[in-house]
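In: Predicted model, plus sequence, below.
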Amino acid sequence: MPLRPGWGTLGRDAPLRTNFFAVRLPEDAVYFEYEIDISPKAQAKGDRRPRIMELVEQHPAFSGFVQHVAHDRSQRLVSSQRLTQPLSISIRYLEVDQNDDPNAMTFTVEIKFQRELRMSMLQDYMGGKAEHRSTDTQPHLSALNLVLQSFASKRGFRVGGNKYFFTTTADRFELSLNVEAYRGFFMSIRPMYKQLMVNINVCMTAFYTPGNLANVMIEFRRQTGDGMPQQFADRLKVATKHLGYTKKHTIARIMTNLTARTARFHCEEFGREVSVEEFFKLKYKISLRHANDLPVINVSMNSRRPVYLPVEICEICPGQAYRGKLDAEQTSKMIRFACNPPEFNGNAIVQQGFERLGLRHGSASPTLAAFGISVNPQMAVVPSRILPPPRINYKSGQTTIRNAGWNIVDVKLHTGATISRWAVLLVHEGRPDEFDGVGDPQLISFLQTFLRKCASSGMAGANQPPKIIPPVTLPSARGDPNRERALDAIRQALRDNLTPTAKPSFILVLLSGIDKYIYPGIKKLCDVDLGLQTVHMLLPKARDSRGNRQDQYFSNVILKVNAKLGGINHLLDPSSMRWLVEKKTMVMGIDVTHPSPTSLPGSPSIAAVVASVDDNFVQFPASLTLQRPDWNKDSKEMVEKLTEMTIERLQLYRKRNGNRLPERIFVYRDGVSEGQYHLVLREELPKIQAAFKQISPKAPYKPTLTIAICGKRHHARFWPTAPGDMTNNGNTLPGTVVDKGITAIYDFDFYLQAHNGLQGHVRPTHYTVIYDENHYSADTLQQGTHTASYLYARATKAVSLVPAAYYADIACERGRDYLNVLMNLADDRSSIAGAQRTTEDKEAEKQRVFEDAAKKWGNGIHRDLKESMFYI
């Protein structure tokens, strides 16, 4: 990876507070790392390992060490003092409230010395000298994370590696039936230039609400008329107390066809076959109240030996992160709960956060004191600069940028596309706001208003009326769960009313409501099967005549239409474009989207590569492809067919540029975590370079290449220190860039907030240059990326992510639409039923699902749309 070429100087200085806190270690500190080995291994799995370590801490042979050790409750332990070696402790496994068990399992825990961790190595690395750049500091940092997180790990619930949540009512918010949002705190050690820091941030996660499983099932049935959804029950942990102590179980299956009365098994204790209901009555003197109206659960992972439990004796364990995908309503509630201004989040971090994480001086974790570690309670102050915005050019009319946005009243698009012919599709479902039919005077007036807006915006051919396809009245969703009959009706209407040899420039689709099958179904039908450009309008919004709402709505739609048809909505001033046009340059965006928790197992990942085609950097056609989500077990995020996709982008560039290929290529790679940077260099860089060789097999083609990673999933946040440097809601101003104080010691990275943070606490994008043959300066890349953020075709404002990466993300989501039923809606209402399947059965099913996806995908984007921004 390239070294930082220097720091940026462009823009107005504006110091900021940030949620990084200085960490102080003892001078020349040495800590000791140990491996935790628990045997027998086969039985020491899942929730047992943390409990085993709790019992170890209570053992007389170890209790004296507890204050000066920190561990992950599983495999790794770090100590501020040397521990006796060998150190082997045997414990009898008992649950928290279990008095004794003569048959308790015995585990042997060996704590084996691994190495000394000299913090002087970390200090040398943070000193910034080139000879220390290759120092492996990961063992030191992960050890320090164990120490700093030891307090929180014993008092809260951990999600992922670094997020902690605590059960206080003020930090919860109901999202839906038995799902609630928790507010917690992220915490991670970060080495900075000459200063070790800890990054602390507010975070949100959805959890299952604790409660009796039978009551939850009854409530599901009452509210939805159906059983408990599959995604809700999948791997849910429940606890029982009928044995006299608390025992945890993981739900393998809800047996919707078996109740406690009908589920029977041979019981050796009673010498006969009994029902689950009988067994609990005879063995535990428990009379079940829901023996015949609620299903039993199977808590055995052995498909040949099921273990059935009645749901009314099961309690949903607290602290379980929700594994399903939040639906639209849940997501909306989560956003409202999480959308707090900077001041709120800042106070939460320095007050509740420090307290709950055990970092506050005087009440800090005793483990911190044993390691001699302290954390400064004051946020670090770092330098930042506010970069100047570009100027926006239209064909005619002037715009003024305010708060990273501008108005397009009385301006004409820079290059209006031509509407050679167009069509209108009316989709009827019996909702309000629908037009009566082809001859409805209100429809004619509506379309004429839209045409006038197209003409006044500068689009050519906007004087001819469209072909209006007679309304397609969709069959009811009842009996048509995936709306396949409805989509067949739309397909037939398009085939009956359109001529394949004289396709319309675009079809305006008028929908009266949101349906999770119809919109993606039409996109699949037109993008893949028929090769028709489509633009959708939602009639309740499009027909809103209050104020200038309809005019604004039409303006936004026209931006999409013009981009799809190859037009240019706006450009930047020549000085803002100079860094891109001084040599023939192609800008690429790359992203991959993966199956969600609700996708059918075996569903594919979808990769997108977009690239500019000329010196305007406005049109970014896309290549899309499927890949198995586990095609590369070491680097699932990498793009499998990147060589072919890059060649496709280069071929179109050459076609649009008089048979010339670009001299420079700049790649913005989205969706890659910090730990995967090396994988991009190892896996994707060679594929891009292979494309250069294959596109020009005779004459050597070696464009200079730069690759920058765009990161949004980070926890760096900023607070202005002066009123003149903040927005009305307390956020930093658009154009804020930070490349000192909390950035990498050696690498070329920066945080950039190009957009205006209207709601909540604005999050900048973290850009890291991992490969650079173009040797860009910090100012060139920072200001260039900043001004490029104003070139997003679908808006009249700067966006938070550079458009090339943003387009790749949108193209991936469009690909998900083509496989909507597999990727987004898999069995989202059904309950779990049937017998358990073997591993072979599951693998065969995954293969079948992938093959089904490949069949639905076909040849991908229709050839008539491949060279357009069909996805915008």
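Out: Structure received. Small disclaimer: the values here were computed from a predicted structure and weren't measured. Residues are numbered from 1 along each chain as shown.
In: can you tell me how far residue 776 sits from residue 196?
Out: Using Cβ to Cβ, to the nearest Å, residue 776 is found at 30 Å from residue 196. Where C-beta positions appear, they are placed from N, C-alpha and C, glycine not excepted.
In: What of residue 803?
Out: Counting by Cβ to Cβ, the gap from residue 803 to residue 196 is 37 Å.
In: more neighbours, those two?
Out: Neighbour count, other Cβ atoms under 10 Å: between residue 803 and residue 196, residue 803 has more, with 26 against 21.
In: Identify the residues contacting the more buried one.
Out: Residues near residue 803 by Cβ atoms under 8 Å, 6 or more residues apart in numbering: 589, 620, 788, 789, 791, 792, 793.
In: Spatially, which two of these are the most separated?
Out: 620 and 789 (14.0 Å; Cβ to Cβ).
In: helix, strand or coil for residue 842?
Out: State at residue 842, reduced to three classes by DSSP: H, G, I helix; E, B strand; the rest coil: helix.
In: tell me the pLDDT at it?
Out: Residue 842 carries a pLDDT value of 81.
In: Over to residue 828?
Out: 42.
In: With the one 5 residues further on instead?
Out: Per-residue confidence for residue 833 comes out at a pLDDT of 41.
In: again with residue 824
Out: Residue 824 is assigned a pLDDT of 67 by the prediction.
In: Could you save the contacts of residue 803 as CSV and add columns showing neighbour count, pLDDT and secondary structure?
Out: Converted to CSV, the contacts of residue 803 look like this (neighbours: other Cβ atoms under 10 Å; pLDDT from 0 to 100; DSSP: H, G, I helix; E, B strand; the rest coil):
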residue, neighbour count, pLDDT, secondary structure
589, 28, 98, strand
620, 27, 98, coil
788, 25, 98, helix
789, 26, 98, coil
791, 27, 98, coil
792, 26, 98, coil
793, 21, 97, coil
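In: Distance to residue 755 added to the residues you listed, as JSON lines?
Out: Shown next, in JSON lines, are the contacts of residue 803 (distance: Cβ to Cβ, whole Å):
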{"residue": "589", "distance to residue 755": "17"}
{"residue": "620", "distance to residue 755": "19"}
{"residue": "788", "distance to residue 755": "12"}
{"residue": "789", "distance to residue 755": "7"}
{"residue": "791", "distance to residue 755": "13"}
{"residue": "792", "distance to residue 755": "10"}
{"residue": "793", "distance to residue 755": "15"}
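In: Nearest to residue 536 among those residues?
Out: Using Cβ to Cβ, the contacts of residue 803 come closest to residue 536 at residue 793, 16.8 Å.
In: Now that closest one: phi and psi?
Out: phi -70, psi -20 (degrees, to the nearest 10).
In: ok, residue 396 touching residue 412?
Out: Yes - using Cβ atoms under 8 Å, residue 396 is in contact with residue 412, at 4.7 Å.
In: Looking at the two, which one has more neighbours?
Out: residue 412 (16 against 10).
In: what about the more buried one, distance to residue 568?
Out: 11 Å.
In: picking that back up, tell me the one of the contacts of residue 803 nearest residue 402?
Out: Set against residue 402, the nearest of the contacts of residue 803 by Cβ to Cβ is residue 789 (15.8 Å).
In: Help me confirm that that closest one comes into contact with residue 802.
Out: Yes - assessed by Cβ under 8 Å, residue 789 is found in contact with residue 802 at 5.7 Å.
In: which neighbours do the two share?
Out: Common neighbours of residue 789 and residue 802 (Cβ under 8 Å, 6+ apart) are residue 754.
In: So residue 244 is in contact with residue 100, correct?
Out: No - judged on Cβ under 8 Å, residue 244 makes no contact with residue 100 at a distance of 10.4 Å.
In: what sits against the most centrally placed residue in the chain?
Out: Closest to where the C-alpha atoms of the chain average out (Cα atoms, centre = their mean) is residue 713, at 7.8 Å. Residues in contact with residue 713 (Cβ under 8 Å, 6+ apart) are residue 673.
In: So for it, what's the pLDDT?
Out: What the model reports as pLDDT for residue 713 is 93.
In: Now do the SS call for it.
Out: coil.
In: now the end-to-end length of stretch 768-785.
Out: 12 Å (Cα to Cα, to the nearest Å).
In: sorry, back to before: tell me which of residue 244 and residue 100 has more neighbours.
Out: With neighbours defined as other Cβ under 10 Å, residue 244 and residue 100 compare such that residue 244 has more, 12 against 8.
In: With adjacent residues omitted, what lies nearest to the more buried one?
Out: Closest residue in space to residue 244, ignoring its immediate chain neighbours: residue 98 at 7.5 Å, by Cβ to Cβ, 6 or more residues apart in numbering.
In: And for residue 413?
Out: Taking Cβ to Cβ, 6+ apart, and ignoring the residues beside it in sequence, residue 413 has residue 458 as its nearest neighbour in space, at 4.3 Å.
In: Could you report the distance from that neighbour to residue 233?
Out: Distance, residue 458 to residue 233, using Cβ to Cβ: 55 Å.
In: ditto for residue 262
Out: Counting by Cβ to Cβ, the gap from residue 262 to residue 233 is 19 Å.
In: more crowded one of the two?
Out: Each of residue 262 and residue 233 has its neighbours counted (other Cβ under 10 Å); residue 233 has more, 21 against 15.
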